[in-house]
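A.B. asks: What would the 3D arrangement of this be:
(2 chains)
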Amino acid sequence: MSDPAILIEGVTKRFRDKVAVDRLDLAVPAGSLCGFLGPNGAGKTTTIRMVMSIFLPDEGRISVLGRKSAIESKDRIGYLPEERGVYRKMRVGEFLTYIGTLKGVDRKPLNKWIDQWLERVGLPEVRKKRCEELSKGMQQKVQFLATIIHDPDLIILDEPFSGLDPVNARLLNELIRELHDAGKTIIFSTHVLIQAEQMCDRIFMINGGKKILDGTMDEIRTAYSPRTVVVEPLNGADPTSIESIGGVRSVTHPDARTFEAHLNDEADPQRVMAEILGRIPARRVEMRRATLEDVFVTVVSPGDSEDMLRAALSAGGANVEEAVDA
Amino acid sequence: MRKVLATAAREFKSTALTKAFIFGVIVFPLVILGVIAVVSSLDLFASDKSAIEGELAVVDQTRGEVVYRALEQQFNPAVQKQIAEERAAALREQAEQLVGAERMANPMAQEMLARIAGREARIELKKLGPDADLAEVKARLPVRGSTLLGLIVVGEPTIELPDPNASGIATEEAGSADPARELAADAVAALPLNTYRFFHAAGFDAESRSDIERTVGRAIIRERMDRAGLDAEQVDRLNMRPQTRLMTVTEQGETETAQALQFIVPMAFMMLLWISVMTGGQYLLMSTIEEKSSRVMEVLLSATSPLQLLTGKILGQGLVGLSVLVIYVTLGLAATMQFGGSGIMQQLPFDQLPWLITYFIMAYFLFAALMAAVGSAVTEIREAQSLMGPIMTLLMLPLFLWFLIIDNPNSTFSVVLSYIPFVTPFVMILRVSQTTDPVPMWQVLSATLVGFLGVLIVVWGAVKIFRVGVLMYGKPPTMLTLLKWIKEA
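C.D. replies: Residues are numbered from 1 along each chain as shown, chains lettered A, B, ... in the order given. Below is the predicted model of the structure:
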């Protein structure tokens, strides 16, 4: 378990003159549940595709489950692509059987497995239905089953939650936790930061093809602590005196009841909080926790979002689609 | 390998075991055969009904009325009956030679023969004198339900030959002065030399017409011979053409040339090849596009490599093409056995079947690779059209050239075409399956080798395009972009 499940070393991938992934280093510890974050067009899908050996990196090395490439350990990896589909005319059971066969599962256990799991995801009666008769959310659940049909050790999910309603999102959340508890290594990319925050024990964030964040949730929270004390004074007590406490840079008043004291980098939050309590009666005085959203907004400037990228590229007239899909 | 086979199996199952396919490949040709059978039996029925019956007016101003007498003899009911019987007998003999006597004993066959042969013309002749008014006779021709079928105007000018030294063609002289009346005598006088006139209603039975023409022509020629003092019987005998016995001499010895099948077999072989390659290739294109546009492609690529996927797809659809080939060869053989009999079966070149399979494999892999490349590069079938243009042109080429190649299988043209990879399989199957002019073995082997080298190169390029293309969405690429992908991949 000591070897990382995925090891990416100095990997670069270019599409024409656009660099999609830029000298990326990344290690995914075995058995971890990792969130893979980044704005649209940051290079997440390209990185995942390189891990899956669908694209080959221009430079650098990738090893997956201790092998030189995913091709050698494909049957131990479950991959749910962002661009996912089903054969429209194929029946659900046939589709799952086909994918299972492709992944080297024997027919007999496959049959039982499919029945059990369709039941488990709340689709007990779709086996004989054609895939095109399923709703998008149902299709997505079938695709998730196709991803884990061969009991893989490493599961890579590209945007698994997009398009799911809250009930199904919760179901998927549960399934992912179960798989995690069973010792699988799981990586999923998402835009829904809350989800990543609640589920993951590790986060990677990339932007513009470069890694900008890598660590456990606690490490990240500590590193990106916003150094803000939230104060809710009791019965309209006057908080103006807070500003004069040593180490407080400024005070804002985000809503009618609360004040926020922003601290200098060198200030000690404990001391400031004690002093606040000494000066005014307060219902609540607490350190604000860093949310991933704060971190995301801090490290990603608005210009990095995909829409801006698209606009810039189409002005240049280059292969917009390719670059963005990359 | 297991993944390749699983892909191939899915590909075959999802294509060949669908109602649309079974209908298209098996039911459709059967329906066409059925329609042909119905139409041809309708034709028999129709011609049976139109056995000709009516009057033929004759103005014969020759000395001795030779034409009238000849027609009278020809259309005598007894003679007509005899002719019909003779014709039926000859037909039966021919049929028995071709199909075998035991088959012709079949009552259905007898009935069919009788239908084809048993057409007796019942024509009543009506002689018109020199004073007859032809305008009035001709006016009766277009009348619906009229018993009058036609009018023949023949006279001394018909027998006379134009001066061989005179230049130009004899022109008709001006007609009668009174347009309302047309005297038979005037009409005869107006005939150019070596000419007679035959007025008939529209839709006059073509067979009877040529019968009449033959009789008139022979009567005129006989009269000329009589007048020249020649023995008509003897001249006829002297005019008998010698029979040709065509023998094909090859390294294996000499055999009677199979004339009937000389064109049909190579053509049939090439069409079989073409249809089966086309079917497999077309389905491959469609299934690749489907996988791309439904975005199932990346799901598949998570389980197999692009090369495994491509190989599986090509094999699966190849099996589809091969099934089409086998089905059609079987149907063709069954039909030949049923209708052609043992005579034709013996002439079929069964020893060429391995070549058919060889060239099927060559042609199929070439076009399948191209189709897969195109399919992987586009997202919708609509976008494939512009890329398909050049490929279809290549594929159509043999259809335009087959005649030239069969006509002269060892001409420089044919030999050169044999070495152009995309047409090699089609040209070679044409050349190999004809027997008139066997192709030297070294050419067969070298062309086949060149063909398979071409296959390797095309497949290599297609794999590269496929690798890049399968996950590329957006605006459809041009031919040039595809070439760039080959270079980049």
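
A.B. asks: Now for the closest residue to chain A within the stretch 151-300 of chain B: which residues touch it?
C.D. replies: Residue nearest to chain A within the stretch 151-300 of chain B (Cβ to the nearest Cβ): residue B:295, separated by 3.3 Å. (Glycine included, C-beta is placed from N, CA and C.) Contacts for residue B:295 (Cβ atoms under 8 Å, 6 or more residues apart in numbering or on different chains) come out as A:81, A:83-85.

A.B. asks: isn't there a helix covering residue A:188?
C.D. replies: No: counting by DSSP: H, G, I helix; E, B strand; the rest coil, residue A:188 is not found in a helix; it is strand.

A.B. asks: Assess the claim that it and residue A:28 are in contact.
C.D. replies: No: using Cβ atoms under 8 Å, residue A:188 is not in contact with residue A:28; the gap is 11.5 Å.

A.B. asks: list residues touching both of those two?
C.D. replies: In contact with both residue A:188 and residue A:28: residue A:34, using Cβ under 8 Å, 6+ apart.

A.B. asks: Chain neighbours aside, what residue packs nearest to the residue of the stretch 151-300 of chain B closest to chain A?
C.D. replies: residue A:85 (3.3 Å; Cβ to Cβ, 6 or more residues apart in numbering or on different chains).

A.B. asks: Assign the one you found to one of the three secondary structure states.
C.D. replies: Following three-state DSSP, the label given to residue A:85 is coil.

A.B. asks: do the same with the one 3 residues further on
C.D. replies: Using three-state DSSP as the criterion, the local structure at residue A:88 reads coil.

A.B. asks: residues contacting it?
C.D. replies: Taking Cβ under 8 Å, 6+ apart, we find residue A:88 in contact with A:130-132, B:290, B:294.

A.B. asks: Now the closest residue to chain B within the stretch 51-200 of chain A. Its backbone dihedrals?
C.D. replies: Residue of the stretch 51-200 of chain A nearest chain B, by Cβ to the nearest Cβ: residue A:85 (3.3 Å). Dihedral pair for residue A:85: phi -150, psi 180, per degrees, to the nearest 10.

A.B. asks: ok, back up a step: does the residue of the stretch 151-300 of chain B closest to chain A sit in a helix or strand, and which one?
C.D. replies: Using DSSP states H and E, residue B:295 sits within no helix or strand.

A.B. asks: just to revisit the earlier point, and the residue nearest to residue B:295, how far from residue B:298?
C.D. replies: Separation of residue A:85 from residue B:298 (Cβ to Cβ, to the nearest Å) stands at 8 Å.

A.B. asks: Identify the residue spatially nearest to residue B:198, adjacent ones excluded.
C.D. replies: Leaving aside its chain neighbours, residue B:198 sits nearest to residue B:152 (5.3 Å; criterion: Cβ to Cβ, 6+ apart).

A.B. asks: roughly how far apart are that neighbour and residue B:219?
C.D. replies: Counting by Cβ to Cβ, the separation of residue B:152 from residue B:219 is 11 Å.

A.B. asks: got any residues that touch both of the two?
C.D. replies: B:67, B:71.

A.B. asks: In this structure residue B:192 contacts residue B:158, no?
C.D. replies: No: contact criterion Cβ under 8 Å: residue B:192 and residue B:158 do not qualify, at 9.1 Å.

A.B. asks: Assign residue B:240 to helix, strand or coil.
C.D. replies: coil.

A.B. asks: Show me where chain A dips below the pLDDT cut-off.
C.D. replies: Low-confidence segments of chain A (pLDDT under 70): A:1-2, A:225-226, A:236, A:290, A:300-326.

A.B. asks: Show me which residues of it are close to chain B?
C.D. replies: Within chain A, the positions lying close to chain B (Cβ under 8 Å from any Cβ of the partner chain) are A:49, A:52-55, A:71, A:74, A:77-90, A:98-99, A:101-104, A:143, A:146-147, A:319-322, A:325.

A.B. asks: Of the residues you listed, which count as buried by neighbour count?
C.D. replies: When the residues of chain A next to chain B are checked for burial by 16 or more other Cβ atoms under 10 Å in any protein chain shown, the buried set is A:49, A:52-55, A:74, A:77-87, A:90, A:98-99, A:101-103, A:143, A:146-147, A:319-320, A:322, A:325.

A.B. asks: tell me which residues in the strand or helix carrying residue B:58 are buried?
C.D. replies: Per DSSP H and E, residue B:58 falls inside strand B:53-61. By neighbour count with 16+ other Cβ under 10 Å, strand B:53-61 contains the buried residues B:54-61.

A.B. asks: what helices or strands is that strand leaning on?
C.D. replies: helix B:66-74, strand B:122-127, strand B:148-155, helix B:184-189 (3 or more Cβ pairs under 8 Å, 6 or more residues apart in numbering or on different chains; DSSP states H and E).

A.B. asks: Columns mean neighbour count on top of the ones you listed, output as TSV?
C.D. replies: Shown next, in TSV, are the helices and strands packed on strand B:53-61 (neighbours: other Cβ atoms under 10 Å in any protein chain shown):
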stretch	mean neighbour count
helix B:66-74	19
strand B:122-127	15
strand B:148-155	23
helix B:184-189	19
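
A.B. asks: Is it possible to get JSON lines of these that adds mean pLDDT?
C.D. replies: JSON lines is the format used below for those (pLDDT from 0 to 100):
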{"stretch": "helix B:66-74", "mean pLDDT": "87"}
{"stretch": "strand B:122-127", "mean pLDDT": "85"}
{"stretch": "strand B:148-155", "mean pLDDT": "89"}
{"stretch": "helix B:184-189", "mean pLDDT": "84"}
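
A.B. asks: mind pulling up the phi and psi values for residue A:282?
C.D. replies: phi -130, psi 140.

A.B. asks: beta partners for it?
C.D. replies: residue A:233 (DSSP bridges).

A.B. asks: can you pull out the helices in the stretch 151-300 of chain B?
C.D. replies: For the stretch 151-300 of chain B, helices defined by DSSP state H, counting those that start in this stretch occupy the ranges B:156-159, B:184-189, B:206-227, B:232-238, B:264-293, B:297-301.

A.B. asks: Might one say that residue B:162 is in contact with residue B:194?
C.D. replies: Yes: under the criterion of Cβ under 8 Å, residue B:162 makes contact with residue B:194 at 6.0 Å.

A.B. asks: Find the nearest non-adjacent residue to residue 149, please.
C.D. replies: Reading this off chain A. Closest residue in space to residue A:149, ignoring its immediate chain neighbours: residue A:100 at 4.6 Å, by Cβ to Cβ, 6+ apart.

A.B. asks: The chain in question should be chain B.
C.D. replies: Nearest residue to residue B:149, sequence neighbours excluded (Cβ to Cβ, 6+ apart): residue B:54, at 4.1 Å.

A.B. asks: average pLDDT across stretch B:36-46?
C.D. replies: Averaging pLDDT along stretch B:36-46 gives 63.

A.B. asks: quick revisit: could you identify the buried members of the contacts of residue A:88?
C.D. replies: Among the contacts of residue A:88, the ones that count as buried by 16+ other Cβ under 10 Å are A:130-131, B:290, B:294.
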